[in-house]
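J.: build the 3D model from these lines:
(one chain, ligands or ions: 1)
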Amino acid sequence: MNTIDNILSRNSTPRLVEPIPSKDELEVVYQCALRAPDHAWLRPWRFIEVSGKGLDKLSNAFENTASALGDNLPERLLKYKSLPYRAPLIIVIVSDIKEHSKVPPIEQKLSAAAATQNMLLALHDLGFGAIWRTGKVSFNEVISKELELPKSNEVIGYLYIGTPDGRQKKIPELKSEEFVTVWE
Ligand SMILES: Cc1cc2nc3c(=O)[nH]c(=O)nc-3n(C[C@H](O)[C@H](O)[C@H](O)COP(=O)(O)O)c2cc1C
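T.: Residues are numbered from 1 along each chain as shown. Model (predicted):
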């Protein structure tokens, strides 16, 4: 697929089933992530690849996080516990913030976000579906601790990945002039 067609046809897919990308395909996905723009080449990202029994571990981490954050009614905990099973593969996106006089943490997080978009596009190109999710299990120290991350790391989201199950949503048609100001 050419790049522009890939970008314009990418469509987040919430219902995801097997098969998942092979090891070789995932290597391509990670290489695309690693080509994200990155001020001072700090490589301010880490990825945790979760599938199989790993999903059970993530499920426990989600439940514990919700509980520690006070969202602990039994039905809510069950909900959090079930979240990782919405896809056969999840890549946890971690912002790995480095000390740098010219590159503040926000730039490093933007870089990790660009890496995430690169992965979405690579997955789409390879014929897989994905959706970027966050929620209560992102951006806090409780989930970082659950995932045994160092203090400099922050979970900034999750890519749920698999093969799309069911119909794709219609991609909205947006008018660029509503978002673009031209100075000439
Ligand atoms: C940083 C970020 C966090 C998001 N978190 C969620 C989320 O927790 N749950 C969700 O359903 N969609 C979330 N989304 C939106 C979906 O990833 C997706 O963009 C949306 O469903 C629209 O689909 P599209 O990307 O195909 O236009 C998030 C998107 C971004 C960029």
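
J.: which strands and helices sit next to whichever strand in the chain runs longest?
T.: If you go by DSSP state E, the chain has its longest strand at strand 153-164. With contacts taken as 3 or more C-beta pairs under 8 Å, 6 or more residues apart in numbering; DSSP states H and E, strand 153-164 sits against strand 16-17, strand 89-96, helix 105-125, strand 129-133, helix 141-146. Where C-beta positions appear, they are placed from N, C-alpha and C, glycine not excepted.

J.: quick one: which of those is nearest E25?
T.: helix 105-125 (8.5 Å; C-beta to C-beta).

J.: so what's the gap between the closest one and the chain middle?
T.: For helix 105-125, the separation from the chain centroid amounts to 8 Å (computed by C-alpha atoms, centre = their mean, to the nearest Å).

J.: what sits against the closest residue in space to P44 that isn't next to it in sequence?
T.: Ranked by C-beta to C-beta, 6 or more residues apart in numbering and with sequence neighbours excluded, the top spatial neighbour of P44 is Q108, at 3.5 Å. Under the criterion of C-beta atoms under 8 Å, 6 or more residues apart in numbering, the neighbours of Q108 are 39, 42, 44, 95-98.

J.: just confirm yes or no for stretch 169-184 near the ligand.
T.: No. Stretch 169-184 lies out of reach of the ligand by C-beta under 6 Å from any ligand atom, never closer than 6.8 Å.

J.: measure that stretch end to end?
T.: Its start and end residues considered, stretch 169-184 measures 37 Å (C-alpha to C-alpha, to the nearest Å).

J.: and if you look at stretch 9-29?
T.: With C-alpha to C-alpha, one end of stretch 9-29 sits 18 Å from the other.
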